[in-house]
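[1] Compute the structure for the input listed below.
(one chain, ligands or ions: 1)
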Amino acid sequence: MRLSSKVVIATFILIFILAGYQIWIDQNQPESKPIAEVVLEDSVQNYEPVIFYGINIDSLEVVRNKIKSKQHLSDILTPYNVSKEDIYNLSLSAKGIFDLRKLRVNKPYDLLIKEDSLPQAKAMIYYHNDIDYVVFHMGDSIFVEKGAKEIVVKEQSTTGIINSSLSATISEMGLSPILTNELADVFAWQIDFFRLYPGDRFKVIYEEQLVEGKSIGISAIKAAIFEHNGYENFAYFYNQGTSIDYFDEEGKSLRKAFLKYPVQFSRISSRYSGSRYHPVQKRYKAHRGTDFAAPRGTPIRSVGEGTVVAAQYGKYNGNYVKIRHNSIYTTQYLHMSKIASGMKPGTHVKQGQTIGYVGATGLARGNHVCYRFWKSGYQVDALKVKLPSSEPIKEEMMEDFVHVAANLKEQLNAISYPIQKTTASIGGAK
Ligand SMILES: [Zn+2]
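    Okay, here's the model as predicted:
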């Protein structure tokens, strides 16, 4: 065979290979899809007007703005060619519905504008808050009406592991701080939320209120487990008619009652008040306590279980003891003739335990105990504050409660704890 013949054959083979390769490529190319067919819908049949707060806005433009400082209704509407007469009629119609002086700075409003040769406002919707609004109609008729957006209650659940504080954990999770407070309230007696442990974890089922898909608050925690220092605390929400409360699995109230008074057989010599004439200082000043007059030496008892945070002498308070009951409640007892033995910061006291004896030490005239009460850091009137109830589930309600709690427990069990983070630190306030 001559060289030229070999070249010709080789060339043919090469052509075959290339052609075969091209066919292979073509076959493996993704199929080009036909361009989606444009279906023309019957625009008349499927026509749905766009309704915004009861107003057809098909031919209107919606402009969102915020109330500026010292801005009146007329300042907003006049540039949109609403006549003085119409504004006056709006103010008449608003009477008894909405006080026009109550347009608040930075509150949002929407203007519904018809763009003709001149833009003309046909309506204005002013939003007081997340729910309530007022509509000013300037279309065919001039009138004002108020309305409220629908609140949707949705059951939600969440779980978390404490790294630093409950509030930090909850905010890291992008949840409402209201949930922190609610959860701390539910377990106020079981868990000291100022002293959580890293690795403490919780699961909670709660009802959230939503307006237009946005959370506006938590209406109730329905059930929760809070594992604190390795111990599981359960809370089940239950309404047994007389009180709505949280109970453990055995139907015991999570809340422990306080004794109403720190001494027995006494009389109230001075009540809590914003202003009273001080018998020793001889001037008017607030009295943020309740005085119980009693003979010197009468035992003073702790109104609830707790931990002593102070047991000492003070120039004004005399001998006094201060007890922290949980992250919400703290009580203090002043003017003792003597502090009971063993009382020092860190001492655990039981409800009713004697912590000292009535006297008149410090700035006091006559033997009495001045009883002071703090709730969430604020001094309140111990005799007026609504004390937490400790009523257990009633016998006749027990069967129903057990059923409700079992269902809630099943729901809690269905939630998985998150994977624990490695970084952890102790402490942190709620
Ligand atoms: Zn007092």
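
[2] tell me the secondary structure for I76?
    helix (DSSP: H, G, I helix; E, B strand; the rest coil).

[3] quick one, what contacts it?
    N65, I67, Y109, L111, M124 (CB atoms under 8 Å, 6 or more residues apart in numbering). For glycine as for every other residue, the C-beta is placed from the backbone atoms N, C-alpha and C.

[4] same question, Q156
    For Q156, the contact set (CB under 8 Å, 6+ apart) comprises I205, Y206, E207, E208.

[5] what's the answer for N56, then?
    The contact partners of N56, by CB under 8 Å, 6+ apart, come to P49, V50.

[6] Kindly report the same for the one 4 residues further on.
    For L60, the set of contacting residues under the criterion of CB under 8 Å, 6+ apart consists of L112, I113, K114, K122.

[7] Helices of the stretch 101-250 of the chain, residue ranges please.
    166-172, 177-186 (DSSP state H, counting those that start in this stretch).

[8] between those helices, which gets nearest to the ion?
    Proximity to the ion (CB to the ion) singles out helix 177-186 among these, at 28.7 Å.

[9] who does that closest one touch, helix- and strand-wise?
    helix 166-172, strand 201-211, strand 214-228 (3 or more CB pairs under 8 Å, 6 or more residues apart in numbering; DSSP states H and E).

[10] out of these, nearest to the ion?
    Taking CB to the ion, helix 166-172 is the member of the helices and strands packed on helix 177-186 nearest to the ion, at 34.3 Å.

[11] Run the chain-centre distance for the closest one.
    On the basis of CA atoms, centre = their mean, to the nearest Å, helix 166-172 sits 12 Å off its chain's mean C-alpha point.

[12] Note down every partner strand of whichever strand or helix holds S269 and its orientation.
    Secondary structure assignment for S269, by DSSP states H and E: strand 267-270. Here strand 267-270 has these sheet partners by DSSP bridges: strand 290-293 (antiparallel).

[13] ok, how many other residues are close to V204?
    25 (other CB atoms under 10 Å).

[14] In contact with it, which residues are there?
    S157, T158, T159, L179, L183, I221, A223, A224, I225.

[15] just the residues you listed: which has the poorest pLDDT?
    When the contacts of V204 are compared by pLDDT, L179 scores lowest at 84.

[16] My understanding was that that one contacts I218; is that so?
    Yes. The criterion here is CB atoms under 8 Å, and L179 meets it with I218 at 5.6 Å.

[17] returning to that earlier point: and the strand holding S269, how far out from the chain's middle?
    38 Å.

[18] Any part of it near the ion?
    No. If you take CB under 5 Å from the ion as the test, strand 267-270 misses the ion, and the best it gets is 5.8 Å.

[19] How about residues contacting that strand?
    In contact with strand 267-270 (CB under 8 Å, 6+ apart) are residues R276, H287, T290, D291, F292, A293, A294, G366, H368, L383.

[20] tell me the domain ranges of the protein?
    51-148, 151-257+389-430, 267-380 (automatic domain parsing).

[21] weakest of these in terms of mean pLDDT?
    Per-stretch mean pLDDT for the domains of the chain is lowest at domain 151-257+389-430 (a mean of 84).

[22] Now do the SS call for H403.
    helix.

[23] where's it relative to D99, distance?
    Relative to D99, H403 is positioned 50 Å away (CB to CB, to the nearest Å).

[24] try L259
    Distance from L259 to D99, counting by CB to CB: 47 Å.

[25] go on, E250?
    Distance, E250 to D99, using CB to CB: 53 Å.

[26] More neighbours: which of these two?
    Shown here are E250 and D99; by other CB under 10 Å, E250 has more neighbours (12 against 9).

[27] Phi first, then psi, for that one.
    Backbone dihedrals for E250, given as degrees, to the nearest 10, come out at phi -90, psi 0.

[28] got the contact list for the spatially most central residue of the chain?
    Closest to where the C-alpha atoms of the chain average out (CA atoms, centre = their mean) is I178, at 1.6 Å. Residues near I178 by CB under 8 Å, 6+ apart: G217, I218.

[29] any idea how far V321 lies from G306?
    10 Å.

[30] between the two, who's got more neighbours?
    Per other CB under 10 Å, whichever of V321 and G306 has more neighbours is V321, with 26 against 23.

[31] tell me which strands and helices the helix or strand hosting that one is in contact with?
    Per DSSP H and E: V321 is located in strand 318-324. Judged by 3+ CB pairs under 8 Å, 6+ apart, strand 318-324 is in contact with strand 306-314, strand 329-339, strand 354-358.

[32] For N239, give the beta-bridge partners.
    Going by DSSP bridges, N239 forms beta bridges with I244.

[33] Against M173, how distant is A406?
    Counting by CB to CB, the gap between A406 and M173 amounts to 28 Å.

[34] Same check on D140?
    50 Å.

[35] quick one, which of the two is more surrounded?
    Set D140 next to M173 and count neighbours by other CB under 10 Å: M173 wins out with 13 against 6.

[36] Need the nearest residue in space to that one, chain neighbours excluded.
    Leaving aside its chain neighbours, M173 sits nearest to G160 (5.7 Å; criterion: CB to CB, 6 or more residues apart in numbering).

[37] check contacts around W374.
    Contacts of W374 (CB under 8 Å, 6+ apart): Y329, T330, T331, Q332, V380.

[38] Tell me how far the helix or strand containing it lies from the chain's centre.
    Secondary structure assignment for W374, by DSSP H and E: strand 368-375. For strand 368-375, the distance from its own C-alpha centre to the chain's C-alpha centre is 30 Å (CA atoms, centre = their mean).
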